[in-house]
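J.: Fold the stuff below for me.
(3 chains)
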Amino acid sequence: MLQTFSSTTYEEHSDVTPTDAGPWTLHEDRALPADPTTRPIAHEIYQAVKDLPIVSMHGHVPVEWFADDSPFPDPAQLLVVPDHYLLRMLVSQGETLPRLGVGPVPGAAGDAEAAESDPREIWRRFCAGWKHFRGTPTRFWMETELVEIFGVTQRPSAETADAIYDQIASVIADPSFRPRALLDRFGIEVIGTTDPAWSSLEHHDRLVADGERRVLPTFRPDPVYTIDSPTFAADVERTGAAAGVDVTSYASYLEALRVQRQRFKEAGGLATDHGHHLPDTTPLPADDAARLFDKAMLVARGGDPVTGAEAAAFSAHMLFQTAAMAAEDHLVMQIHPGVERGHASAETRVFGADKGYDIPFAIDFTRSLRPMLDAFGHHPGFRTIVFTIDEDTYSRELAPMAGVYPAMRLGAPWWFLDSPEAMRRFREAATETAGFSNMSGFVDDTRAFCSIPARHDLARRVDAGYLARLVAEHRLELDEAVDTAADLAYRLPLLSYAKA
Amino acid sequence: MLQTFSSTTYEEHSDVTPTDAGPWTLHEDRALPADPTTRPIAHEIYQAVKDLPIVSMHGHVPVEWFADDSPFPDPAQLLVVPDHYLLRMLVSQGETLPRLGVGPVPGAAGDAEAAESDPREIWRRFCAGWKHFRGTPTRFWMETELVEIFGVTQRPSAETADAIYDQIASVIADPSFRPRALLDRFGIEVIGTTDPAWSSLEHHDRLVADGERRVLPTFRPDPVYTIDSPTFAADVERTGAAAGVDVTSYASYLEALRVQRQRFKEAGGLATDHGHHLPDTTPLPADDAARLFDKAMLVARGGDPVTGAEAAAFSAHMLFQTAAMAAEDHLVMQIHPGVERGHASAETRVFGADKGYDIPFAIDFTRSLRPMLDAFGHHPGFRTIVFTIDEDTYSRELAPMAGVYPAMRLGAPWWFLDSPEAMRRFREAATETAGFSNMSGFVDDTRAFCSIPARHDLARRVDAGYLARLVAEHRLELDEAVDTAADLAYRLPLLSYAKA
Amino acid sequence: MLQTFSSTTYEEHSDVTPTDAGPWTLHEDRALPADPTTRPIAHEIYQAVKDLPIVSMHGHVPVEWFADDSPFPDPAQLLVVPDHYLLRMLVSQGETLPRLGVGPVPGAAGDAEAAESDPREIWRRFCAGWKHFRGTPTRFWMETELVEIFGVTQRPSAETADAIYDQIASVIADPSFRPRALLDRFGIEVIGTTDPAWSSLEHHDRLVADGERRVLPTFRPDPVYTIDSPTFAADVERTGAAAGVDVTSYASYLEALRVQRQRFKEAGGLATDHGHHLPDTTPLPADDAARLFDKAMLVARGGDPVTGAEAAAFSAHMLFQTAAMAAEDHLVMQIHPGVERGHASAETRVFGADKGYDIPFAIDFTRSLRPMLDAFGHHPGFRTIVFTIDEDTYSRELAPMAGVYPAMRLGAPWWFLDSPEAMRRFREAATETAGFSNMSGFVDDTRAFCSIPARHDLARRVDAGYLARLVAEHRLELDEAVDTAADLAYRLPLLSYAKA
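T.: Numbering: from 1, shown residues only, chains lettered A, B, ... in the order given. Below you'll find the model as predicted:
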């Protein structure tokens, strides 16, 4: 029936404007406020901080990239395939993961298409979907990368895809585009990697042996805190093996964790990272925790399965235990809960995790974090940085807690909220109650290595805009605004992860 | 005791300013951003889209108005009595429903006042309360209607009420003010009506016979999904009768629904509409669903009552079933849950539903929609448009889901959120994660026929303002902004409801 | 390991800008919008209302201050020690409550530090932490107080602390700085105090005897509604004694409450105040309520303890009962639920309540308030003002209810939300659905007496800015904006608390 009204009319109106664009350049004041009073102030603040070094403590770039320092394969493998921000948007508009280079995981059931093997085809599909990124941070980051890193001068489109592909490929081929060289070029002073609890840290050792000390490991124990994971016992055993601890009990399990934390610390690690489903931190009596641990270790050998409630209780208990360990060894504890992972079950089974199907949900922090903060919130050795993707908790829960507990810092807006509008809302919602000093400063969180400078640049621009408004409204002096901009861009990230 | 401080002082300060106003005109740039950099850009974007046709797929104007094409009765019956936005605001400030022309429903218990029968009196009460609409979208819509449609030149007030009444009455009396003529005048390319599952669609048939194909039915089966409704069995039977299906079982009940959906489709219908209390979409085993259906059909004949939990489970099951049917017949499935209907029980009993006492509450979409999206979210024949009045879910839940599932579109801000500030917040909160392409574009939702052009106009202005800011901040090019404005105003609404 | 990257680089970048400031003055247009179109309109609106009298009906200044009219002790005791906004921020950055002048409560277990006894030391610590208040409302209020009330001309810092201290001390010493004189100077037309249900109101009587009728009592019965409080029975008995009612039963308990309410009313009281944990208003059958009351009265004499669920049920019941009493005696019922008090248990045990450890959590108003609004929401004698610190409920729940129930007014943004950005968000989120007329207007809530004018001034500025934007966007006429500004600043607060 659509035809009755659309066949003529839609055509008539489908071409309201030409899409001619002119040469593609980036405005120096992009993402700064438009209003003529505020813009020049923002410009001045931004100029003062734009070249500060990058502190990137929450990254997901594989450490092997830096250890091996190999060239990157091709534009699609560098910029499209590993970036679930891009994948999800293109899938939402009708592409499929295989056509974007993502194939089934080994052993996946079913008859999923094989991954596209031609990187140029993948790149063309991305460019053809460029319109769909309008208004998203991906658009901003990618624009910055294409223009500033790769020297692209045309907007992406089906027509320009090949030329852009060739341009990027030629840049990638240059030896100055190796990962370690990019650390210099990007001005990265320090970058954290994410490493499992059982890591031997051999890549990090190799980097240190080479004199490259900017790449620091981060201890991520989620799998060994998840007693209903099918690989729990195996992961615990691997962790014990790495630590040189024979894990036969809850006590030796904790000991193995402590040993590995120490090893991470010796390799330069400053932090641990915890992506729990819920933020609950209620401790269990030690006997109950030990009983659950024992039960979980037996599942693979035919024991009774662990229930969801048991797993949740153990997870909460281990957050509390982690805080106790952190208060001793001073590794900063990063928490970012509240995401339903693998929301599309079938796609997740076939294509694996981190493909854009992770959907946030509402959580409570006030009561969930209370046991931990009650016990360690004033401990001089403890620091926790709490990230969320549920912005409703900023003014209601997180800023009030960060604004009183000395051990807590409020993390930067995370994931979907790492975007101009959401960063602005974060500043507006959290600053008045938490102050700037109780925040982590800007922290990126990405697998897309080349997007790191663009992400920091965008954050510095948005913060300059927010601070400029405070100045323009006579709520802050300009010198204070510049000083605060430097705090947010550089000093706070540095100091937040250094709980000496 | 108030007198101790107010008797003199309040009087003294109660008249801070004169309320002299001058002749009443509408500024051509109203509701565009004020800042001098952004305003001209917004103006240009708005001018490019302001005259696009109106697509109004989610309306509640009675189809009889168009089928009969009768003149409207009087200003109060046209503009006040059917508009619960107006009623609620006046009631909150001391008016009563009867004094505004709303009488008790037939058979209502109690001694409620009878409805005011003099439309001029109703109109006077509305005009006397004009001040209370300051800052509300009703003010904007009504202003636009009064000036642009009715040629009013004075602000409403107790003093001007009669003159305005006469002016409107004279316009209404003109034959060019008949409903079908207004479709032309308003530039409405297509308008959806809301029709019960048991509708024979005779009015729609009559329109088609007259060559009027702009008025499309929408299938709204809520009552036959609500097994604890006192009229459930009767409504099911009516639906069976309309479908020509003898509903003796859950299977024939589903069959009747399928038949009626097909009939709606043949009459031009493009969508179904679902106003469930909760968004839960968890399916039941078919046997359980059948058992609940059978139980519900027996209540009227003395069977055990259906519990609230049973009704909720059946409702969730039927949302899932609806998605399954939609994947087959391609009717677009509109969902808008999360409202406590008839919050004031006594008033609702006496005066009926939809009188301003429907109050939203917090709901979860992430887990609620998961069963449906998991099963049909990538189905090529399925489309669901999800509306909400709980804006806290935009950035946290709805934009992340709409930004990955190809079957889902994020509906326009709905009801109380169909307002300048809320529309702007919607753009700011949802665009960065969902992109524009995963949105429904503007969709109005009103019984107030004459407000439709004003509602679309306001939305186009607000979107122009948002897009202009992106341009002014160098986050989007002007040609892209204009193209996107046309998408939001016209193309996306059209395409969202056309799941070919 | 921090040294590896920070030892040189951090130093290098830690001094991005000089912090030279020039003489400290306040800009006349501070906190008005920066954009050059909106600023002059905001200026005009603000000028029209800035000198209106202050109505401060929700205060926590001790009535003794006014009754005794004694001089204030010293700058630290006046401005730092009683203000938990200041305490919490300094504690979050490493200060301790004792170092800020807050000692353990009598009988507190443990070995807490004694309170700093030198007010000058406390003041120095506050000044040294001045940077941490950037971007907070405390900064704005304190700035206004220091410059406008105390004539300070230097920014606070470690270096300027002593000079500022001496300046403030000299002002405090002047007889014109006595509490009653300040009422004149601040332009306070009426100020509410908060008084327990068992108050004899002797201080208020003394004030009236002196002809000072601006200080009104507010009835706050929380402790006698909290049946699991350890002091419940004693507090009830005190209330009975004050009322001259022998409380031997639930019925006489209600009678004592009614008598005390009447006494408050006779002393000029206009309102009651209710800080319940949850907003539930579900009434109990009278027998159940009586049974719970009896049980609670026996706990101290060895009876079974009251459960949390019983306490919550009684609390809800008493909110409903309070509405019933209010409908009779017309005392306005203020509700502000949703705060987890004393979140840091150890600190609260040692240092007492109201030290910055009160953390909000998410609550539901729609279903919680329904029993009360269903019963009394249209009662001509009833008024309730609902405050919240959970801004997510503004557009979803509170504005929709305030926009239809004549008995309900939406309170001003409260506590952490009494800040420029949050006030602006409140206007933007609530106005479109509730209108201005269904709001309480500005209501401050503080123990910090000297901050009251600054708080009202800030609110008037923010409202002027919001209204100016409506004017600049041609959504409101200037005369209407000025009239509305006067409503919000003065008339609505006055009228909201006068349910004649």
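J.: from here on, contacts and neighbour counts on C-alpha atoms
T.: Will do.
J.: which of the residues in stretch A:217-237 are buried?
T.: For stretch A:217-237, a neighbour-count test (16 or more other CA atoms under 10 Å in any protein chain shown) marks A:217-229, A:231-233, A:235-237 as buried.
J.: Can you give me the end-to-end span of stretch A:224-239?
T.: Its first and final residues considered, stretch A:224-239 spans 8 Å by CA to CA, to the nearest Å.
J.: Give me the contact list for it.
T.: A:197-199, A:223, A:247, A:253, A:256-257, A:260, A:293, A:296-298, A:300, A:305-308, A:311, A:314-315, A:318 (CA atoms under 8 Å, 6 or more residues apart in numbering or on different chains).
J.: could you give me the average pLDDT of that stretch?
T.: In this model, stretch A:224-239 carries a mean pLDDT of 97.
J.: can you tell me which of the contacts of stretch A:224-239 are in helices?
T.: Members of those lying in helices (criterion: DSSP state H): A:223, A:253, A:256-257, A:260, A:293, A:296-298, A:308, A:311, A:314-315, A:318.
J.: closest to chain C among those?
T.: A:Gln260 (16.2 Å; CA to the nearest CA).
J.: Now distance to B:Phe442 too, for the ones in helices among the contacts of stretch A:224-239, in a markdown table please.
T.: What follows is those, written out as a markdown table (distance: CA to CA, whole Å):
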| residue | distance to B:Phe442 |
| --- | --- |
| A:Pro223 | 44 |
| A:Tyr253 | 56 |
| A:Ala256 | 57 |
| A:Leu257 | 54 |
| A:Gln260 | 55 |
| A:Phe293 | 53 |
| A:Ala296 | 52 |
| A:Met297 | 55 |
| A:Leu298 | 56 |
| A:Gly308 | 42 |
| A:Ala311 | 44 |
| A:Phe314 | 47 |
| A:Ser315 | 44 |
| A:Met318 | 47 |
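J.: From the contacts of stretch A:224-239, keep the buried residues only.
T.: Buried subset of these (neighbour count, 16+ other CA under 10 Å): A:197-199, A:223, A:247, A:253, A:256-257, A:260, A:293, A:296-297, A:306, A:311, A:314-315, A:318.
J.: longest strand anywhere in chain A?
T.: Looking across chain A with DSSP state E, the single longest strand is strand A:188-196.
J.: Give the pairing partners of that strand; include direction for each.
T.: Strand A:188-196 has the following strand partners under DSSP bridges: strand A:54-56 (parallel), strand A:215-220 (parallel).
J.: Quick one, which of those strands gets closest to B:Val171.
T.: Taking CA to CA, strand A:54-56 is the member of the strands paired with strand A:188-196 nearest to B:Val171, at 66.4 Å.
J.: How about residues contacting the closest one?
T.: Residues from elsewhere that reach strand A:54-56, judged by CA under 8 Å, 6+ apart: A:186-192, A:443-444, A:453, A:456, A:489-490, A:493-494.
J.: starting at the chain centroid, how far to it?
T.: Its chain's average C-alpha position is 13 Å from that of strand A:54-56, according to CA atoms, centre = their mean, to the nearest Å.
J.: before we move on, what about stretch A:401-412?
T.: Using CA atoms, centre = their mean, the offset of stretch A:401-412 from its chain centre is 19 Å.
J.: repeat for stretch A:314-321
T.: That offset, for stretch A:314-321, works out to 22 Å (CA atoms, centre = their mean).
J.: what about it, near chain C?
T.: No: figure legend: stretch A:314-321 not in contact with chain C (CA under 8 Å from any CA of the partner chain); closest approach 15.4 Å.
J.: Return that stretch as PDB; C-alpha atoms alone will do.
T.: Taking Å, rounded to 0.1, in the frame of the first residue of the first chain, the C-alpha atoms of stretch A:314-321 are listed here in PDB:
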ATOM      1  CA  PHE A 314      30.600 -14.500  44.800                       C
ATOM      2  CA  SER A 315      31.100 -11.700  42.300                       C
ATOM      3  CA  ALA A 316      30.000  -9.100  44.800                       C
ATOM      4  CA  HIS A 317      32.200 -10.700  47.500                       C
ATOM      5  CA  MET A 318      35.200 -10.600  45.200                       C
ATOM      6  CA  LEU A 319      34.700  -6.900  44.500                       C
ATOM      7  CA  PHE A 320      34.900  -6.400  48.200                       C
ATOM      8  CA  GLN A 321      38.000  -8.600  48.500                       C
END
